[in-house]
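J.: sequence-free structure coming up:
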């Protein structure tokens with residue numbers, strides 16, 4: 001008699017997938033979840049600002065932090081891939097700039 005109710009999150013995922021927007025949606029969700037993924041210390045030094053074509057762009061203000069993150073890229077990618085939708089990220093690009101830059105630049 002009764003159908004199981006559909007969870008709203010599942011319904012949203014289905015609609016986004018049917019529109020072919022799954023990777024973009026998941027990529028931008030990961031941009032917004034960057035501090036949760038990398039932790040507060042890294043998030044103070046580096047900010048995810050853009051996602052396009054499987055590439056997550058991260059702005060790092062200080063050269064020393066950019067060098068440190070270069071060495072950690074594989075472990076950061078591993079963390080991302082264990083996050084829901086993390087498979088959308090194929091590569092991380094680090095670039096110099098202010099960590100206060102707008103996400104839409």
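T.: That came through, no problem. Given the structure is predicted, the values throughout are model-derived calculations rather than measurements.

J.: what ranges does this structure have for its strands?
T.: 46-52, 55-60, 91-96 (DSSP state E).

J.: could those strands go into CSV alongside distance to residue 71, mean neighbour count and mean pLDDT?
T.: Bear in mind the C-beta positions are built from the backbone N, C-alpha and C, glycine included. Listed next are the strands of the chain as CSV, based on distance: least, Cβ to Cβ, whole Å; neighbours: other Cβ atoms under 10 Å; pLDDT from 0 to 100:
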stretch, distance to residue 71, mean neighbour count, mean pLDDT
strand 46-52, 13, 20, 91
strand 55-60, 13, 21, 94
strand 91-96, 11, 13, 94
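
J.: if I look at the closest residue in space to residue 97 that isn't next to it in sequence, how far off is residue 7?
T.: Distance criterion Cβ to Cβ, 6 or more residues apart in numbering; nearest residue to residue 97, sequence neighbours excluded, is residue 59 at 4.1 Å. Computed as Cβ to Cβ, to the nearest Å, the residue 59 to residue 7 distance reads 35 Å.

J.: backbone torsions only: list them for residue 62.
T.: In terms of degrees, to the nearest 10, the main-chain angles of residue 62 are phi -110, psi 140.

J.: pull the contacting residues for the spatially closest residue to it that is not a sequence neighbour.
T.: Spatial nearest neighbour of residue 62, chain neighbours left out: residue 45 (6.5 Å); criterion: Cβ to Cβ, 6+ apart. Counting by Cβ atoms under 8 Å, 6 or more residues apart in numbering, residue 45 touches 60, 61, 62, 65, 99.
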